[in-house]
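**Student:** coordinates for the following, if possible.
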Amino acid sequence: MFDKQVLRQQSGEDPEYLCFTCHENILQGKVPKLCFSNGFEFPQIPEELKGLTQLEERLVAARIPFMRIQKLGIDRQCGLKGNVINIVNPVNKTASILPRNFDDDSILQVMMMRKMEYKTAYCFETVRPKKVYEAAQYLSKTQLHQDEGIVLSDEWSSKCKNEEIQFFYGNQSENICEPVKIDSILKKNDPEHAQINIANECIDANFGQETLILDFDAIENSTAVKFAPGEGQKPLSLLKDTNAEALSFPTIYCGEPRIMKRTDITRTDIAKSDARNRDRRCAIPSKLLYSYKLSQTFQIAGQISTCLRKKKSGNSTITAANMLDNDFLDKILQHDDGYRLLKNIRSSPAYWQDRQKVLLAMIRQYGIPTLFLTLSAAEIKWNELMVILKSVLDNQRMTESECEALTWEQKTDLIRRDPITCSRYFDYRLRQCNKFIILNKTGLFKDYPVVDFFQRIEFQNRGSPHMHGLLWLQGAPKFDENEPESFEACSR
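**Tutor:** Modelled structure (predicted):
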C-alpha cells in the first residue's frame, strides 16, 4: 500500500530521483506532504481543452484574472506589476460574441478589453469559434462548473438562419461587446509603421496575456469583435473565492476541484508542488505569477489574523478603543508597529528591515566584512541548463554541443517558457558554489577560512536571479591605502 501511494512506477528508461525531504519521510515510513496522493495530481487534459490559446481559454473560463504582466529586459521574461483582479466571467454572454454559423475552419478576431472606453486591448487574438464552443460544452458538464451553477445556453449552439453573422443574442447589454474594424485602429496616413504601432498597442501597452502577432496586411479590412466581460462587475476576493484558481485556468485543472487530503497543506505548498511538478503545464508565466500573488495574499491574511489574536504592540496592549483613536494609529504607523505583520512575508519592507538588523548585529560582532561578492545567472551560457530545458519542455534529448549551437532567440524562448527550472538551477549552482568553493576548508579561501557570511537573493530587471553576499574571513589581511605592503598582501 505504501509503495502504491508514494513510490509509483514511472514509465521510461530514466532513473527516478527523490529530494532530501521526501527521502527522509520515506525512510521514516511517512507519506511526504507534497505527495501526489495528498491531492496534488493533475487530471488528464481532454481533447476539447488541448491547444487552446490564451484568449480562447479566457472566453470559456468562469473567472478572469486581470493581471498587468510586463516584459522585462532584452530577454523578454515576464514580471507582474500590481495585484490580481478576480472577475466572474459570464460565460454565456462572453461566448455569445462568437458567430452562430461556423465551420471547422472558421476564425474570428477578438479584442478583450478591461473597459469599452479604453483604446488598447487587454488581449487581442484570433480565436476558433468551434474550438471555443467544444471547450465550453465540455466544461459545462464538469463538477466544478456545475457546482458554480454554470450552464451553457442551448440557444448558443443553435444554427442561425440569417445570412448576416450574429454577435449578440437575447437581451444582452450593448456595452459588453461591439464589432470594430481593424483598419480603424491602423494609422491610415502612415502605412509603413501601421503594423508596428498596432503590435505595440496590443502587446506592450496593454500588459495583458501573451498575444498572437497577426498579419495585419491580410486582415486590414476584416471585422474584429471588441468586448469587455468584466466591465461593471465587482471583483471577488481571492480569500473567499475558494475555487478561483481552478476556475481561472481550465486548461490546467480541466474543471475539476482540488481536494487536499491533509489540513496542514497551505497555498504556498500547492504553489510549490505545481511549479516543480514534472508536468510543466503550470510553468507558464501567467500561472506562476497568479500562484505567487495568491500565496502572498493568504500569507498576509494569516499574519493579520495572528496579530489580531495577540492584541499587543510591543509592551502595550491594543484595545478596540485604541483602534478608534486616530492619534494612536498615527503613532503605531510612525514607529512601523503597524507593519510588523509583514516581517515574515519575503521581499516586503518589514522583512528586509528585519534582515538588516541581523546584518548589523553581524557587523557589530565580526567587524567590517572582508569581501563583497556578487554572483549573477548566465542562463544562455549554461549549456547544461539548455539540455535540461529541452528535455523538460520539448521532450528532446540534446547534447551540450548541440545546445551550444542554438540561436540566441531559441535559448531565450526556452528560458521564458520555464522560469522555475532556471531559478532552481541557479539555486543549485549557488549551493554547490558555497559547498565546494566558498565555504569548503580546501576551497578558494583555504588560507583564510570563512567565519560567517550573509547572502541576499534578488531578481534583476531582466527577470533573472543574482546573489549579493558579504564574507568574513579569518586572519585575512586588511587593506590600508597608506601602507603599500597591504596592496600586495590583499592581491594574493
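
**Student:** domain map for the chain?
**Tutor:** 1-32, 47-227, 353-490 (automatic domain parsing).

**Student:** nearest to Ala275 among those would be which one?
**Tutor:** Among the domains of the chain, the nearest to Ala275 by CB to CB is domain 353-490 (4.6 Å). Every residue, glycine included, has its C-beta placed from N, CA and C.

**Student:** ends of the closest one, how far apart?
**Tutor:** 32 Å (CA to CA, to the nearest Å).

**Student:** and stretch 341-354, by the same measure?
**Tutor:** 12 Å.

**Student:** what's the answer for stretch 466-483, then?
**Tutor:** 35 Å.

**Student:** now do that stretch, average pLDDT.
**Tutor:** Stretch 466-483 shows a mean pLDDT of 87.

**Student:** centre of the chain to it, how far?
**Tutor:** Stretch 466-483 has its average C-alpha position 38 Å from the chain's average C-alpha position, going by CA atoms, centre = their mean, to the nearest Å.

**Student:** repeat for stretch 135-151
**Tutor:** 26 Å.

**Student:** ok, stretch 78-86 next?
**Tutor:** Centre-to-centre, stretch 78-86 and its host chain are 9 Å apart (CA atoms, centre = their mean).

**Student:** list the buried residues of that stretch.
**Tutor:** Neighbour-count burial for stretch 78-86, counted by 16 or more other CB atoms under 10 Å, picks out Cys78, Gly79, Leu80, Val84, Ile85, Asn86.

**Student:** so of those, which ones are in strands?
**Tutor:** Under the assignment DSSP state E, these contribute Cys78, Gly79, Leu80, Val84, Ile85, Asn86 to strands.

**Student:** which of the residues you listed lies closest to Glu125?
**Tutor:** Using CB to CB, Cys78 comes nearest to Glu125 of those, at 17.2 Å.

**Student:** partners of that closest one in the sheet?
**Tutor:** Lys71 (DSSP bridges).

**Student:** next: Gly469.
**Tutor:** Counting by DSSP bridges, Gly469 forms beta bridges with Leu373, Gln455.

**Student:** tell me the contacts of it?
**Tutor:** Phe372, Leu373, Thr374, Leu375, Phe453, Phe454, Gln455, Arg456 (CB atoms under 8 Å, 6 or more residues apart in numbering).

**Student:** hmm, which helix or strand of the protein has the shakiest average pLDDT?
**Tutor:** helix 194-202 (a mean of 35; mean pLDDT, DSSP states H and E).

**Student:** in the stretch 351-492 of the chain, what residue spans correspond to strands?
**Tutor:** With DSSP state E, counting those that start in this stretch, the ranges of strands along the stretch 351-492 of the chain come out as 371-376, 450-459, 465-473.

**Student:** sorry, back to before: nearest to Arg258, out of the domains of the chain?
**Tutor:** So among the domains of the chain, domain 47-227 is nearest, using CB to CB, at 9.3 Å.
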